[in-house]
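K.L.:
Give me a model of this one.
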Amino acid sequence: MPLARIDLIQGKSAEYRRTVGDIVYEAMVEALKAPKTTVSSHREHPIGALVADENYLAFDALKMHLIQLTLNAGRTVEQRKPSTRRGRRSPCRLGFVRDVFINLIEVQKENWSFGNGIAQYAE
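P.N.:
A predicted model of the protein is given here:
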């Protein structure tokens, strides 16, 4: 089960945040072949709290979306590439194109705990 963390500038509607979450979910399932069960955290930040150097890939900090996905290790570089391309393309549904920063973190399966103080996949 992947964990998606989505950071946005404050002021977006609940519908907008939900749509961003749906886009990220669809990309995880389609491109990364992630299970259809996922957990996501949507965090909003005041203006100035998300900082981007405009000289680095021309990011606009006021439009920036930070998306961090934590998932089990084992996907090839080729499997990970489509998720990044889709993640940058799909948000066009929301009116932004380039201001999406995506970070994939792969962890060993035994590093997850789904409650009760148990690491369910650890031996």
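K.L.:
for the nearest residue to residue 2 once chain neighbours are set aside, what are its contacts?
P.N.:
Setting aside the residues directly before and after it, residue 2 is nearest to residue 71 in space (C-beta to C-beta, 6 or more residues apart in numbering), at 4.1 Å. For the C-beta atoms, the positions are set from N, CA and C on the backbone; glycine is no exception. Under the criterion of C-beta atoms under 8 Å, 6 or more residues apart in numbering, the neighbours of residue 71 are 2-3, 28, 32, 34, 104-107.
K.L.:
Give me the PyMOL select line for those residues, limited to the buried ones.
P.N.:
Applied in PyMOL, the following selects the buried portion of the contacts of residue 71 according to 16 or more other C-beta atoms under 10 Å:
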select buried, resi 2+28+32+34+104
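K.L.:
which one of the contacts of residue 71 sits closest to residue 59?
P.N.:
Among the contacts of residue 71, residue 104 lies closest to residue 59 (C-beta to C-beta), at 18.4 Å.
K.L.:
mind listing the helices for the chain?
P.N.:
With helices called from DSSP state H, the chain shows them at 14-31, 77-89.
K.L.:
Out of these, which is the most enclosed?
P.N.:
helix 14-31 (a mean of 17; mean count of other C-beta atoms under 10 Å).
K.L.:
Give the other helices and strands that that helix contacts.
P.N.:
strand 3-9, strand 39-45, strand 65-72, helix 77-89 (3 or more C-beta pairs under 8 Å, 6 or more residues apart in numbering; DSSP states H and E).
K.L.:
Those: which one's closest to residue 53?
P.N.:
Nearest of the helices and strands packed on helix 14-31 (C-beta to C-beta): strand 65-72, 14.0 Å.
K.L.:
returning to that earlier point: what's the most distant pair in the contacts of residue 71?
P.N.:
Going by C-beta to C-beta, the pair spanning the contacts of residue 71 furthest: 28 and 107, at 14.8 Å.
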